Structure formats: C-alpha cells, structure tokens
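In: have a look; sequence and predicted model below, questions after that.
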Amino acid sequence: MYLQRSFQYCTLCELVNKHIINEEFFILQFTWNHSIPKAGQFFMLKPPRCSTFLPRPIGVFEYNENQKQVKFLISKRGKGTIELSHVAVGEKVQLTGPLGNSWADFLPDAGNIALVSGSAGVAPLAALVAERPEFNYYFFAGFRQGFREKDEEDAILGAAVKSKKVVVTAEDGRNALIGKIVDFIFEPQKFDMILGCGPAPMLNALKKKCAPKGIPCFISMESRLACGVGACHGCAVKTVKGFKRCCKDGPIFSAGDVIFDE
C-alpha cells in the first residue's frame, strides 16, 4: 500500500537476516524496495504475531541501496520489542515509512561534528556516518552495561567505528569508560555542531552543555508513537514554539527549542 500524500509506504517486508547481539540488543534486516530512507528517519514495525495494538517506532540503522535492504538495531524495552526479537528469518513484518525528518536537514556545509548517543540511540547516528562520510565525526556512545566482547561493541556501533574518534562509556564500567557519556564531552566548543539521540535526561544534559557555548545542537527525541504520521497528536513534544508532533515535526529538533520537564 502506497500512502501517496506523505510519500510513505506501508507494506509487508521479509526478514532476511537476524542477529541477536546479547540479552539487550538485536538487529533485524528486511527487504525494502521503496523510497530510500535517510539517516535520522524511522519506521513503524509490527510483527505478524503481535499482542500489542500499535506498531513500534524504530530508527534506521543502515540502508543498503544495492541489496535494497534496511537494517534496524533494536533494544528490548517492552512487549513490542521483545515480540520483534522473536520474528524468524523468512517471516514478513509490516513496515511503514520512512517517517520523520533527517539529520541532513540540519547539517552544515562541512566541519567537525560530535555525535552523542545513549543506548539504541546509536543507530540513527551511525546511519549518518555511513550516509555522509565527508564530515569529521567524533562519536560518543553511552550504555548502561558494557559489552563482554569486542564483536558485540562493533556490531552495535555499526558505521560509527569509522569516526575520527570513538568514545564508549558504560555505567558499570565493563570494558568501557565508566560514567555518563555527556560528561566526556570536555570541550564542546571544538565542534561545529553536536547531534544527539537517546533518553531525555541525556538529551537535556547535552542541551545544557551546548547552550552556554552557543554550539548548534540538534537532538532526536524519543517518544511513544501511535500513528507515526502526525494524525493522532499523541507524541507531543513541548517546545518554545508550542507543542510539536514528534513523528511529523521531528523526531529531530533544535535542542534550544525543546522544553524538558526537570
């Protein structure tokens, strides 16, 4: 089914590859023969055996134009994502997308860019490294738990490993620096722009670090989505310009515009 007005597709797509990385993260790779998704955009995914009414919004991790396949890095957070982890290769999942705006809508012409992620927020930023390799990227990735093996870390970071510098932190300090990832951005003024994707507390901390230095900062907001196309207004984000729809007006916003509940 083609949604003509918004240039999105809603179709059943075959799962061609599945990679269970650890007890938290897994990767699903689907056929995708429609419009090319951009880094920062997302899809709504709904598996064939689904006990939840609504699909789950998942950011694009990688798109292979030659193979016509799209890849998603997913963190098990609840019933919906756990059910996605049970989909078998060869089964078909309903994909609706690509949805939302993209990082490319905000990028400068050139320069040094810091990419700051928390947990599965690494995916949309890793996609940017692959899509626009001409920038000097400095990747900061924070996790609750460190990885047991280097292979786990590399799989989750994806194209981000090609960044000029990669900093990985874990709150438990296992095979990583210990602490909150934003605390390791010591000199934000060295960057021409900072992009962030992750939990709201991390994004709020990033906003507070960039604002005094006047560093352009754009953040991808996480929100519970229902329709994904801006019809239901269920994913409102509070901004200085009033409430905005995360799915339709975002998910990427200027950090200075977003009002976080303290």
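Out: Received the coordinates, thanks. Residues are numbered from 1 along each chain as shown.
In: name the SS class of the spatially most central residue of the chain, please.
Out: The residue lying closest to the centre of the chain (Cα atoms, centre = their mean) is residue 124, at 3.5 Å. Secondary structure state of residue 124, per DSSP: H, G, I helix; E, B strand; the rest coil, is helix.
In: separation between residue 9 and residue 35?
Out: As for residue 9, its distance to residue 35 is 7 Å (criterion: Cβ to Cβ, to the nearest Å). The way it works is simple: take the backbone N, C-alpha and C, and place the C-beta from them, glycine included.
In: if you count neighbours, what's buried in the one helix or strand residue 13 maps to?
Out: If you go by DSSP states H and E, residue 13 is part of strand 8-20. Using 16 or more other Cβ atoms under 10 Å as the test for burial, strand 8-20 gives 8, 9, 10, 11, 13, 15, 18.
In: what do you get for stretch 211-222?
Out: The neighbour-count criterion (16+ other Cβ under 10 Å) identifies 215, 216, 217, 218, 219, 220, 221, 222 as the buried residues of stretch 211-222.
In: between these, which is nearest residue 174?
Out: Ranking the buried residues of stretch 211-222 by separation from residue 174, with Cβ to Cβ as the measure, puts residue 222 on top at 24.3 Å.
In: that closest one is in contact with residue 201, isn't it?
Out: No: checked against Cβ atoms under 8 Å, the pair residue 222 and residue 201 is beyond contact range at 10.9 Å.
In: related to what we said a few turns ago, for the residue nearest to the centre of the chain, what are its contacts?
Out: Contact criterion Cβ atoms under 8 Å, 6 or more residues apart in numbering gives 39, 40, 41, 42, 59, 60, 61, 103, 197, 220 as the residues in contact with residue 124.
In: looking at those, which is nearest residue 113?
Out: For those, the closest approach to residue 113 (Cβ to Cβ) belongs to residue 103, at 9.3 Å.
In: can you report how many residues lie near the closest one?
Out: Taking other Cβ atoms under 10 Å as the neighbour definition, residue 103 ends up with a count of 24.
In: if I look at it, how far off is residue 241?
Out: Distance, residue 103 to residue 241, by Cβ to Cβ: 20 Å.
In: now swap in residue 232 and tell me
Out: Between residue 232 and residue 241 the distance, using Cβ to Cβ, works out to 20 Å.
In: check residue 44 too.
Out: Noted for residue 44: a distance of 26 Å to residue 241, by Cβ to Cβ.
In: looking at these two, which one has more neighbours?
Out: Between residue 44 and residue 241, residue 44 has the larger neighbour count (other Cβ under 10 Å), namely 22 against 11.
In: which residues are in contact with that one?
Out: For residue 44, the contacting residues are 55, 56, 57, 58, 94, 95, 96, 97, 99, 225, 228, by Cβ under 8 Å, 6+ apart.
In: can you map out the strands along the stretch 1-150 of the chain?
Out: Counting by DSSP state E, counting those that start in this stretch, one finds strands in the stretch 1-150 of the chain at the ranges 2-3, 8-20, 25-31, 42-46, 56-59, 62-64, 69-75, 92-99, 112-118, 136-143.
In: using TSV, lay out these together with mean pLDDT and distance to residue 149.
Out: As requested, the strands of the stretch 1-150 of the chain are exported to TSV (pLDDT from 0 to 100; distance: least, Cβ to Cβ, whole Å):
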stretch	mean pLDDT	distance to residue 149
strand 2-3	36	41
strand 8-20	92	13
strand 25-31	98	13
strand 42-46	95	27
strand 56-59	94	24
strand 62-64	97	21
strand 69-75	98	17
strand 92-99	95	28
strand 112-118	98	20
strand 136-143	97	14
